[in-house]
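Peer 1: got a structure for you, letters missing:
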């Protein structure tokens, strides 16, 4: 399972002008719907919002958040990504506004895959050079290429 194989350039939006978490989550869900991962966007959006509100923030620090939920509205594993022109308050442990997000969607019967994806993403995003490059990617294709290159170097490819 590779992060880059669960992504599609059509599911990546760069330099968005969005100024609140609810709208950010809505756009990430729309991106997931656009690549055919989510079949019930409303149900998934509600599940992610509930996860954020009651399960604790999905911000991991350094301006990064990994919103996710396991929900029946998901047809296949997938990841959408979004960069923001200006960070949004996400309740991060370091207090830093979030400007780089990856939304993880996994069907309910694949719970262990969900944890594997989270672990691998956290591992990859611990590399500051990669995170900086992603924040400055010139296109969704380049964003995915950068991620794939580092993932292959770290985990084989």
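Peer 2: Structure's in. What do you need? Computed from a prediction, not measured in an experiment: that's the story for all the values here. Residues are numbered from 1 along each chain as shown.
Peer 1: and the pLDDT at the residue most central in space within the chain?
Peer 2: For the chain, the residue nearest the mean C-alpha position is residue 102 (1.0 Å; Cα atoms, centre = their mean). We have a pLDDT of 98 for residue 102.
Peer 1: could you do residue 157 as well?
Peer 2: We have a pLDDT of 65 for residue 157.
Peer 1: which strand is the longest one in the protein?
Peer 2: Counting by DSSP state E, the longest strand found in the chain is strand 78-88.
Peer 1: the inter-axis angle of the helix or strand following it versus strand 78-88?
Peer 2: Proceeding N to C from strand 78-88, the next assigned helix or strand is strand 98-106, under DSSP states H and E. Angle of strand 98-106 versus strand 78-88, following axes from the mean of the first three to the mean of the last three Cα atoms, to 10 degrees, is 160 degrees.
Peer 1: sheet-wise, list the partners of the lowest-mean-pLDDT helix or strand in the chain with their directions.
Peer 2: Every helix and strand in the chain was compared by mean pLDDT, DSSP states H and E; the lowest is strand 68-70, with a mean of 87. Next to strand 68-70 in the sheet, as set by DSSP bridges, lie strand 98-106 (parallel).
Peer 1: residues of stretch 73-83 that come out buried?
Peer 2: For stretch 73-83, the neighbour count (16 or more other Cβ atoms under 10 Å) marks 73, 74, 77, 78, 79, 80, 81, 82, 83 as buried. (Each C-beta comes from the backbone N, C-alpha and C, glycine too.)
Peer 1: please apply the same query to stretch 127-134.
Peer 2: Judged by neighbour count (16+ other Cβ under 10 Å), stretch 127-134 contains these buried residues: 130, 131, 133, 134.
Peer 1: what sits up against the host helix or strand of the first one?
Peer 2: Put plainly, it is residue 130. Assessed by DSSP H and E, residue 130 sits inside helix 128-135. The contact list for helix 128-135 (Cβ atoms under 8 Å, 6 or more residues apart in numbering) reads 62, 64, 81, 83, 99, 100, 124, 125, 143, 146, 147, 150.
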